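Q: sequence and computational prediction follow.
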Amino acid sequence: MPPTAATATATALPSPSHRRVQATKSVWLNPNLPTSHPLHHRHKSTDELQHEDRTIDVSALVAALSAARTAPDLAAALVPHRPVSARLLGALLSRLPDPRRGVALLDLLAPDLPAPGLLIPYNLLLRSACRAGELRLASGLLLEMRERGVTPDAFSYSTLLASLTRAGHLDHALTFLPLMEDDAVAPDLILFSNLIHLALRGGDAPKALALFSRLRAAGIRPDLKAYNAAVAAYCKSDLLRDAKRLLLHDMPADGVKPDAESYSPILAALARRGRHLAAVSLFSHMRAVARVKPDLSVFNIVLNAYGQLDLAREADRLFWSMRRAGVAPSVVTYNTMLRVYGDAGLFGEAVHLFDLMRSASSGNGGAGSSVKPNVVTYNTMIAIYGKSLEDEKAGSLVQDMQANGVKPDAITYSTILSIWVKAGKLDSAAKLFEKLREAGTEIDPVLYQTMVVAYERAGLVSKAKRLLHDLKDPEGVPKETAIKILANAGRVEEAAWLFRRAANAGEIKDPSVHRAMMDLFAKNRRHRSAIEAFDAMRKLGQLPDSETIATAMNAYGKLKEFDKAAALYQEMREEGCVFSDRVHFQMISLIGAQKDFKALEALVVKLSNDPSIDKRELYLVAAGVYERAYEFDKASRIISQIRSSKDLDVQSLR
């Protein structure tokens with residue numbers, strides 16, 4: 001997180017807003033307005049000001065202020081009413097449509113009021129600027145409040161931060177959290193939920209988890225929306241045990257009943273890991289124990305899980321029962337069932353379902369008339385025909401999809417290429433690939449890798465190498481995509497050359513490119529290069545996930561730079577990163593490699609108080625460290641303690 005709000009304003013918004021009052025005037029209308037009226041005024045009592053307020057035609061005064069074109073015009077319209085009351089100033093600011101004109105008015109009349117009396121006028125201006133989308137102006141207003149001695153309240157911060165989060169300026173919004181703490185304004189549940197969801201929507205799961213940890217540390221009880229966002233963030237960070245703990249323990253403990261959105265990310269994460277039986281088991285728990293009604297996404301995940309478990313008949317029954325459960329299948333559902341039928345070799349059922357979808361496309365009605373095939377549908381059917389060695393039918397489907405207004409994509413072409421290669425039609429595949437390149441068709445990693453594999457399997461290694469070499473200076477292929485292709489192909493030299501070139505030019509924004517390069521360097525024992533890729537990622541202000549941190553710490557360990565590994569571990573914890581057990585255990589191993597047993601014991605004691613860490617694994621790792629250091633007595637005591645007691649005692653380490 002950037003250290004100051006001024007820094008974030010300079011980076012996240014169009015131009016900088018400094019905390020000095022005079023510097024901020026450069027972004028507002030009429031910066032040279034006089035700060036006080038030249039005429040001398042007798043100090044009026046509050047009763048006198050309120051009596052005058054009731055006699056003023058506010059609408060006429062607002063019209064005169066709106067018509068003013070210069071600073072003297074603005075000041076002249078207010079001469080009969082100086083000094084003004086906070087009530088009158090608030091009425092004027094709430095009616096002026098232009099927030100910048102309101103700023104000029106506040107600059108002119110601020111000397112008439114004490115600092116505490118300026119809170120409501122500033123809040124009105126903040127709201128007006130946010131509604132007008134003037135977020136740079138709104139940020140400058142809040143900073144000026146603090147500089148003038150006007151302490152912003154909860155309304156000030158919530159108005160600004162809500163607008164920043166809606167506009168996508170998450171990093172800028174986060175810089176105001178320390179200022180809120182300084183002003184003793186506690187963020188509420190709604191604000192935290194908005195920030196967490198924005199981080200999650202932006203693909204920054206580590207930042208979402210850091211915000212959720214801060215929410216709980218502030219003593220705020222999360223609601224269903226916040227819990228669901230945290231579960232999704234844990235799953236995206238591949239921290240499934242923590243996600244399950246929230247779902248099955250923390251939510252019931254807080255009296256929050258999970259819904260289908262709570263289960264969906266965990267089911268999807270289990271499916272990604274290939275743990276399909278666990279996904280089906282959790283689905284059964286969801287329906288039978290938790291009594292939660294599945295939604296469409298849950299049905300889609302479980303249908304796929306059944307298919308992966310070769311339970312096509314169970315998937316078939318679940319699919320045809322969806323409408324009775326009040327959930328209408330989508331095109332994703334139909335595509336999933338086509339893939340399930342294809343994997344199970346039920347080609348007749350697949351063709352029947354596909355014909356139902358095509359009947360919808362032609363307007364003939366039928367059971368599947370509400371769902372029309374899309375490009376994924378056609379790609380799936382092309383792959384099914386390829387499995388049944390019907391390459392001619394697969395090719396004809398490409399013409400059929402074009403006739404129905406469905407544009408083939410890179411997956412379509414890569415599937416056709418694979419089918420032709422398997423059928424021995426390598427010349428046809430090569431001609432199609434060259435034709436696609438010449439036509440400027442978007443080439444994705446799958447299409448490139450398909451041809452690389454095809455050439456290598458056919459023994460045409462030189463053509464495969466030439467194709468990979470072309471990616472060093474790609475034309476029509478984004479450099480980030482080219483780097484991923486080279487990294488996935490294990491071409492470390494070519495990938496490293498292109499990565500450094502693109503990184504120096506500032507052309508890499510996707511953190512997955514950095515992660516791919518770190519994995520490639522780590523596999524090839526180029527640990528210094530892995531650290532360079534990690535540093536490049538951090539320079540972009542991206543918060544790394546747990547696996548990325550583990551890779552970086554492993555690289556430091558291989559380079560014997562233990563202090564840097566420890567510093568990274570501590571820095572990431574302070575920034576709120578949520579670690580998997582692997583990161584903690586890796587830090588224990590690195591400390592053990594230095595034989596700093598005092599630090600080892602301190603860390604294990606600290607981690608033993610963390611409910612998210614597997615205590616048994618923690619002590620086994622510690623015992624392994626002692627064993628490698630020939631401290632067999634200590635290792636033996638830990639193992640004996642583990643075997644003899646379910647309640648592990650931290651003191652056994654001492």
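A: Perfect, I can see it now.

Q: dump the C-alpha coordinates for the longest helix along the chain into CSV.
A: In the chain, assigned by DSSP state H, the helix with the most residues is helix 347-362. Coordinates of each C-alpha in helix 347-362 appear next as CSV, following Å, rounded to 0.1, in the frame of the first residue of the first chain:
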residue,chain,number,x,y,z
PHE,A,347,-21.7,-40.1,-28.9
GLY,A,348,-25.4,-40.8,-29.7
GLU,A,349,-26.5,-38.8,-26.6
ALA,A,350,-24.1,-36.0,-27.5
VAL,A,351,-25.4,-35.8,-31.1
HIS,A,352,-29.0,-35.8,-29.9
LEU,A,353,-28.4,-33.0,-27.4
PHE,A,354,-26.5,-31.0,-30.0
ASP,A,355,-29.4,-31.4,-32.5
LEU,A,356,-31.8,-30.1,-29.9
MET,A,357,-29.6,-27.0,-29.6
ARG,A,358,-29.4,-26.6,-33.4
SER,A,359,-33.2,-26.8,-33.6
ALA,A,360,-33.3,-23.7,-31.4
SER,A,361,-30.9,-22.0,-33.8
SER,A,362,-33.2,-22.8,-36.7
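
Q: stretch 569-588 spans what distance, first to last residue?
A: 11 Å (C-alpha to C-alpha, to the nearest Å).

Q: show me the contact partners of it.
A: Here stretch 569-588 makes contact (C-beta atoms under 8 Å, 6 or more residues apart in numbering) with 1, 206-207, 209-211, 213-214, 234, 237-239, 242, 543-547, 549-550, 553-554, 557, 565-566, 600, 603-604, 607, 613-614, 617-618, 621-622, 625. Where you see a C-beta, it was placed from the backbone N, CA and C, and this is true even at glycine.

Q: show me the shaky parts of the stretch 401-550 of the chain.
A: 437-450, 456-465, 467-478, 489 (pLDDT under 70).

Q: ah, wrong one, I meant the stretch 551-654 of the chain
A: Using pLDDT under 70, the flagged stretches of the stretch 551-654 of the chain are 576, 578, 644-654.

Q: where along it do the helices fall?
A: Assigned by DSSP state H, counting those that start in this stretch, the helices in the stretch 551-654 of the chain fall at 562-574, 581-593, 597-608, 615-628, 632-644.

Q: tell me how many other residues crowd Val351.
A: For Val351, the count of nearby residues is 17 (other C-beta atoms under 10 Å).

Q: isn't Pro121 up against Ala86?
A: Yes: at 6.9 Å, Pro121 counts as touching Ala86 under the criterion of C-beta atoms under 8 Å.

Q: common neighbours of these two, please.
A: Common neighbours of Pro121 and Ala86 (criterion: C-beta under 8 Å, 6+ apart): Leu113.

Q: so those two - more neighbours on which side?
A: Remark: of Pro121 and Ala86, Pro121 carries more neighbours, 24 against 20, as counted by other C-beta under 10 Å.

Q: got the buried residues for the one helix or strand that one maps to?
A: Assigned by DSSP states H and E, Pro121 belongs to helix 119-131. Buried positions in helix 119-131, judged by neighbour count with 16 or more other C-beta atoms under 10 Å: Leu119, Ile120, Pro121, Tyr122, Asn123, Leu124, Leu125, Leu126, Arg127, Ser128, Ala129, Cys130.
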